[in-house]
Every structure is written in C-alpha cells, then in structure tokens.
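S.K.: Mind folding the following:
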Amino acid sequence: MSTSAELKQRDNQFIHPWDDMVKIGGHQRTLLDKGDGIYVYDDEGNRLIDAPAGMWCVNIGHGREEMAQAVYDQIMALTYVSPWSMTTGPAAEFASLLAEQSPGDLNHVFFTTGGSTAVDSALRFVHFYNNMRDMPSKKHIISQKRGYHGSTYLSGSVSGKERDKGNLHFEENLVHHIDAPHPLLKPAAMSDAEFLDACVANLENMIERVGSDNCAVFVAEPVLASGGLIVPPEGYHQRCLEVCRKHDMLYLSDEVVTAFGRLGHCFASEAVFGITPDIITTAKGLTSGYIPMGAFLVSDRLLREIKERGGDSAVFSNGFTYSGHPVAAAAGIKNLEIMQREKLFEQARETGPYLQQQMQKLRDIPIVNDVRGLGLMSCVECELKQGSDDLALDYELGNRIDEHCQEMGLIVRPMINMCVLSPPLTISKEQIDEVVGILRKGIELAMQDCIDEGLWVPEKQAV
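M.R.: Sure, this is the predicted structure:
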C-alpha cells in the first residue's frame, strides 16, 4: 500500500482543474482520506471542518451509509445501459421527482454528467428551439461578468470571470457579457432603486445593441457563486425576466449551486427570487457530490412548441454516454429522500440567516472590506489597500488566511482575497459559531503577518 508521501508525489503527475502548468510537479496539496458529516480528515489524522462542502455540493454531509448502500444496491442490480435506446427505473423515477420539485411547468428533465454539460446542453437546446421556430438568427447569448457556468467550450464562453480566460479561446461572436449586479459597484450617490434600474438597463441596452431578433437567451445564476458570491438587488431577476419576455428571449436560471437546499429550497428561482424561468440547470447538490451528475429542466411550453413545429421528427442530437446513469440516478433519489425526511431544507432556512448574522460580526476586523451572502452561502472579502487592484497582494492575503484557518481545523474556499463558505445543510448553529470563530482568528493572524512583514500599516499608524 502506498504511503502518503508516495501518493502526494503521484498526485503531481496529473493535472488538476485550474492547474498552473509551470508549477506541475511542485504542488503540496492536502491529502484527504476520510469524511464524516461536516468534517473531513487528512492523511495525518487532522480533523477539518469542510466549510465549502467540497465545492458547494456535499449538502447532506460526508459518509452517509444509506447513500453508499443505495449506490451499492444499484450497481449490483444494474450498472449501466445505453441512454440512447433504453431506460432504467432510477432514471425515470428521478426525473419524475425533479419535475415534482421544479417551479411552474418545468416538467421535462435532460440528464447530463455535471454542471458544465448541463449548461452546455441547455444552450444547445435553446439554439435547437429557435431553429425549430424558423428563427436561425436568434442564437446570441447574454450573461454576466463574474458569472461562472462551466468548463466546456460553450459554457466556458458564457462564463464571465475574466481571470479564467487566460491563454484559452472562447466563442466571442454569439456571447455577450453585461456587468454583474454587484451592490459594491453602486455609486454612493445612487439610490437602491436607481441601481436596480441601472442593472436592468444593462440587459436592455445589450439587447438593443445585439438586436432583439438575434438575442436568444439570458443566462444568470440566482446568486453569482464563484464570481464572489454576489447577491443581486431585490427584484433584479423579476425585472430581467420581464425584459426577456418583451424581447421573446428565454430565461435560463443556472442553479448548479443554489438548488438542493443551499438557499433553503429544492430550487431557489421561484421560492427565493419569485421567477419561473424557461430552463433551470442543476448539478452539485443534485447528488450531494456522491456521484457526478447534472441536469437541465425545460418547460412544457417549449416542448409543446417544438412538437407543433416538428412534423414527423425533431431530433435533439445532444447527449452523453452517461446521461441518466442508473447509479447516479439512484444516488439522486436517495439524496432527495434524505433531504426531505430530515427536513434539511427547513433546517437551512433556519441556519442560513444565522450564518449571515454571525458572519456580519467579522466587519469589525480592519482589513474586512465586505461581508455578504444569502442562505448557506457566505463570503468575507478582505483588502489591505482600499480601492487598489494589487492582484499579487490579494492572492497573498487570501492564501495566508486559508493556511491559518486550515492549521486551526477549518477549510475555507479562498478566491483571491475572498473566503467563501457553503457548508453542508446539516451544520448546526454551534458548528457555525465554531466556523466563524476560526475564520476570525485566521483573518486576524493573516493581518498580523502583513503588519509584521510591512505589507500593511494600520490606519492609526499610517503617516
């Protein structure tokens, strides 16, 4: 059996997501080998709170025996069939359960392998839909700067995180980005109502620029997650949906992160933001990360239009070898069963506001620039030089906070100078207190590092 040192060396032989190719071979990643509830354990036996829930996804927590049993039972019963010509009970049942949970008439489910392929497939469906309507020019996609929608060519093109665009090529002719509705960008002299108007006007102006006859869909996360946990102003999504309806555009709500309890409901679009989109994409919490799976849900209205125009046939030539994989579907069924039986959505509606309340207490730390979030999604943004764009310094600060927190038993997700939390839905208020307490110490220790090394001078000491 390999030792931890041998495994870490072998780890350096393969390429991780967002890997720095120059540094391959020299990484020292933490090796995790066990999980239980909200905790994971490294190869040295250290217990760590998994505050990012893996990556927004381990919603029911680690180490669920009944999940393992459900997966085992399905593997032993039937491992795989081709989704092109056959179906399975788990896939059919899970699709039906998702339709029951979805808002409005989003009753049709297309299974994929993850969030990226869910978004990619949904966008291809939008193009297919407009082709069926004899509107071949209506193909352009509008999304938001700072938004993240995946890593396939098309979903990556729709993503709006500029720092993810380096050294790669993306679709530029059909994809257009508008400013994110980030409250921190609101000018001091502008009212909240004026800011909301301006954010919605960004969408309207882009449609006017591209042409209403060319614009097919607006893609938006209910809360921009990987872009810095940006909560839009109240009413933003409702107003944008109205704009889409006016211009015969579809509204795609990317709920890869926000679905399955992250905001206290199975889906957040309608329950939290008051909209019924035309398409919803989901993954991550869909199986709580136990087995890879994604899906997009589409409304009866769109399917009805396609059927009316399709004549004898209208083939949507898109799919994956593992679409509707029976083992993944079995995991999804068990995941939803656990969430409903243990009332995890209701629990999240109670612990989410508590997390936000406790996180706000970090504002008294001098280098904390902003604390924001919604439900069981929270972000603390730190800055040494107010208003500066010193990327190297921001990375240094974020990495130091991450290191200090991990030494004290907490995993945060550092995104440059932002620390993001999205814990399992099973987290208790007492555990939230522990998370926030460790995070406070981590930020304060990193701040002291910067003082000691001359990277930052407290305002009262500044000349």
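
S.K.: what's the distance between the longest helix seen in the chain and the middle of its chain?
M.R.: Taking DSSP state H as the criterion, the chain has its longest helix at helix 429-452. Its chain's C-alpha centre and that of helix 429-452 lie 25 Å apart, by C-alpha atoms, centre = their mean, to the nearest Å.

S.K.: Show me what counts as buried in that helix.
M.R.: By 16 or more other C-beta atoms under 10 Å, the buried positions in helix 429-452 come out as 431-432, 434-436, 438-447, 449-451. Where you see a C-beta, it was placed from the backbone N, CA and C, and this is true even at glycine.

S.K.: residues in contact with the helix-or-strand element of the chain with minimal mean pLDDT?
M.R.: Scoring the helices and strands of the chain by mean pLDDT, DSSP states H and E places strand 413-415 at the bottom, with a mean of 85. Outside strand 413-415, the residues that touch it by C-beta atoms under 8 Å, 6 or more residues apart in numbering are 51-52, 55, 226, 228, 398-399, 401-402, 419-422.

S.K.: same deal with stretch 145-165?
M.R.: For stretch 145-165, contacts defined as C-beta under 8 Å, 6+ apart pick out 17-18, 115-120, 123-124, 141, 143-144, 168, 170-172, 174-175, 177-180, 182, 219-221, 224-228, 230, 254, 256.

S.K.: where's Leu174 relative to Ser212, distance?
M.R.: Leu174 is 15 Å from Ser212, where distance means C-beta to C-beta, to the nearest Å.

S.K.: neighbours of Glu66, just the number please.
M.R.: If you count neighbours by other C-beta atoms under 10 Å, Glu66 ends up with 11.

S.K.: for the stretch 251-400 of the chain, what are the low-confidence residue spans?
M.R.: 387-388 (pLDDT under 70).

S.K.: where along it do the strands fall?
M.R.: 279-282, 294-298, 368-374, 377-382 (DSSP state E, counting those that start in this stretch).

S.K.: OK, contacts around Leu297?
M.R.: Leu98, Ala99, Ser102, Leu106, Asn107, His108, Val109, Phe110, Ile279, Ile280, Thr281, Thr282.

S.K.: so is the second one in a helix, a strand, or just coil?
M.R.: Under DSSP: H, G, I helix; E, B strand; the rest coil, Ala99 falls in the helix class.

S.K.: Go ahead and confirm it touches Asp105.
M.R.: No: in terms of C-beta atoms under 8 Å, Ala99 does not count as a neighbour of Asp105; the distance is 9.4 Å.

S.K.: still on that earlier bit, parallel or antiparallel, list what pairs with the least confident helix or strand of the chain.
M.R.: strand 418-421 (antiparallel) (DSSP bridges).

S.K.: His27 - how many residues pack around it?
M.R.: By other C-beta under 10 Å, neighbour count at His27 equals 12.

S.K.: Please read the previous query as pertaining to Leu393.
M.R.: By other C-beta under 10 Å, 17 other residues sit near Leu393.

S.K.: List the residues that contact it.
M.R.: By C-beta under 8 Å, 6+ apart, the neighbours of Leu393 are Leu384, Lys385, Leu455.
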